[in-house]
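> Here is the input, now give the coordinates:
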Amino acid sequence: MSALVNAQTKFLTKKGFVAEGYDVTEYFNGTAVEGNKMYSTTYEGAKFAFKTEANKAKFEAAPLKYLPQYGGYCAYALGVKGDLVSIDAETFEIRDGKLYLFYNSWGMNTLNKWLEENPEELKEQADDNWENKLLKK
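Residues are numbered from 1 along each chain as shown. Below you'll find the predicted structure:
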């Protein structure tokens, strides 16, 4: 595995949880579902909320499978400018078995821009920017 997965220790924890408290396991079912604080856990110092106890257990058994890329920051902003930008937890994509989250507000849906502007190239740029941001801190 690359340093991206191993070094992913900086998480966006808006609203106190990664992915704004949405259940990161549910994204892999194609839905954005808010988690319940009653079913929460901590991973690498960040809190995650889940819809059910079963989802929490699924995450705890294989957290690397469910972690949002780039600590949950907007994949598009990181790819284009190297910026760490918050997200709209309901705007996401599963690509190559990984979760990517995006900013979507005020008429700007960065998932659409990501899809229109060569997502594979943007992903490579975001990977490089994420690694450089981590190494600088």
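
> Which helix or which strand is home to N112?
Element membership of N112, judged by DSSP states H and E, is helix 110-116.

> From one end of stretch 77-89 to the other, what's the distance?
15 Å (Cα to Cα, to the nearest Å).

> Check which residues of it are buried.
Across stretch 77-89, burial judged by 16 or more other Cβ atoms under 10 Å covers 77-80, 84-85, 87-89. Any C-beta I mention is one placed from the backbone N, CA and C, and that applies to glycine too.

> what comes into contact with that stretch?
Stretch 77-89 has contacts (Cβ atoms under 8 Å, 6 or more residues apart in numbering) with 12, 14, 19-22, 32, 70-74, 101-105, 110, 114, 117, 121-126, 129-130, 132-133.

> Nearest to E53 among the buried residues of stretch 77-89?
A89 (20.8 Å; Cβ to Cβ).

> follow-up on the earlier one: so for the buried residues of stretch 77-89, which is the shakiest by pLDDT?
Note: of the buried residues of stretch 77-89, the lowest pLDDT belongs to L84, at 91.

> so which strand or helix has that one?
Per DSSP H and E: nothing holds L84, as it lies in no helix or strand.

> measure the residue lying closest to L101 once chain neighbours are set aside to A57 for me?
Distances taken as Cβ to Cβ, 6 or more residues apart in numbering put I87 closest to L101, at 4.2 Å, once the chain neighbours are dropped. Applying Cβ to Cβ, to the nearest Å, the value for I87 to A57 is 25 Å.

> Perfect, I'm done here.
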